[in-house]
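> pasting the sequence and the predicted model now:
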Amino acid sequence: MDDPVAAVAALDEPTRRRLYDFVVRQSTPTGKDEAAAAVAVPRTTAGFHLDKLVEMGLLDVVHERRTGRSGPGAGRPAKLYRRSDSQIEVSLPDRRYEAASHLLTDALLEAQATGEAPREILNRRAYEWGADLAAQASGVLTEALEDFGFEPRQQDGAILLGNCPFHSLAQRHTELVCGMNLCLVSGLLDGIEASGVSARLDPSPGHCCVRLDQAPSSRSPSVSR
């Protein structure tokens, strides 16, 4: 989904929201006529809003013959609507708790299977994840950090991270989560090959616990390869 904020905002229209709620409560795909009757709007109005929900990625369209007949004379398949398989997440500021849960769960399962310390596995997997994120990035460090929600800010030869994507977890389990975060950022740095930049833990109010220090020759508006 290109714009989850716009998708959620699309539900602010009352008729559209009622149509969405009706469709997703049904056990089978729903037709335009059925949805229009359920929320007491004209068929054309229902069709407009349902198609807008499809456009925003909130609903999917399927075509089925509701009579159960097939072959010649069975008629055209009906256009039906159902909940989309897409998952929408909107968080301000940006949070990545689902990603953290996957890292923590995978580390626990691997530890049970191998006997290795869970924290060592977690840190290794976080580093590998950071390297994977680097492979998807443009090669500009600040842009890669921005894409992940860290809100990088350059200050006095350092890059401070204005947001922690794992904020509430880090507050409750500071040592564990901040260590994971440091390994993730380190993997991102190595993956982008951001020479002259190093990551370290340096918690401060209003910032992520990770701080990135730049060598004098690397200090510029955007750190790239």
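Looks like it came in fine. Because the structure is predicted, anything quoted here is derived from the model rather than measured. Numbering: from 1, shown residues only.
> which of the helices and strands in this protein ranks last by mean pLDDT?
Lowest by mean pLDDT, DSSP states H and E among the helices and strands of the chain is helix 4-9, with a mean of 87.
> following element in sequence after that one, please.
Once the chain leaves helix 4-9, the next helix or strand it forms, by DSSP states H and E, is helix 14-25.
> which element follows that following helix toward the C-terminus?
The helix or strand immediately downstream of helix 14-25 is strand 30-31, counting by DSSP H and E.
> centroid-nearest residue for the protein?
Centroid-nearest residue in the chain, with C-alpha atoms, centre = their mean: E89, separated by 6.1 Å.
> mind listing what that residue touches?
By C-beta atoms under 8 Å, 6 or more residues apart in numbering, the contact list for E89 reads 4, 98. C-betas here are computed from N, CA, C, even on glycine.
> specify the local secondary structure of it.
Three-state assignment for E89 (DSSP: H, G, I helix; E, B strand; the rest coil): coil.
> wait, doesn't V90 sit right on V5?
Yes: assessed by C-beta atoms under 8 Å, V90 is found in contact with V5 at 5.6 Å.
> L103: neighbour count?
23 (other C-beta atoms under 10 Å).
> figure out how far the helix or strand encompassing it is from the centre of its chain.
Applying DSSP H and E as the criterion places L103 in helix 97-114. Its chain's average C-alpha position is 18 Å from that of helix 97-114, according to C-alpha atoms, centre = their mean, to the nearest Å.
> tell me which residues of the helix or strand that it is followed by come out buried.
Next along the chain after helix 97-114, taking DSSP H and E as the criterion, comes helix 118-136. By neighbour count on 16 or more other C-beta atoms under 10 Å, the buried set for helix 118-136 is 121-123, 125-127, 129-131, 133-134.
> what's the domain layout of this protein?
According to automatic domain parsing, the chain comprises the domains 4-83, 97-218.
> deepest in the core, which of these is it.
Burial of these is given as mean neighbour count (mean count of other C-beta atoms under 10 Å); domain 97-218 ranks first at a mean of 17.
> please list all residues in contact with E13.
H49.
> how about D60?
Neighbouring residues of D60 by C-beta under 8 Å, 6+ apart: 54, 81-85.
> I'd like to know which of those residues are part of strands.
Among these, the members found in strands (DSSP state E) are 81-83.
> quick one: average pLDDT of stretch 207-221?
Averaged across stretch 207-221, pLDDT comes to 75.
> all numbers from here: first residue = 565
Okay, using 565 as the starting number, the last item reads as stretch 771-785.
> tell me where this structure is predicted with low confidence.
Scanning the chain for pLDDT under 70 picks out 565-566, 630-639, 780-789.
> ok, L623 touching Y645?
Yes: using C-beta under 8 Å, L623 is in contact with Y645, at 4.9 Å.
> overlap in contacts of the two?
In contact with both L623 and Y645: 587, 614, 617, using C-beta under 8 Å, 6+ apart.
> so who does the last one touch?
Which is L617. By C-beta under 8 Å, 6+ apart, the contact list for L617 reads 574, 580, 583-584, 587, 623, 645.
> what's the distance between it and E684?
Distance, L617 to E684, using C-beta to C-beta, to the nearest Å: 46 Å.
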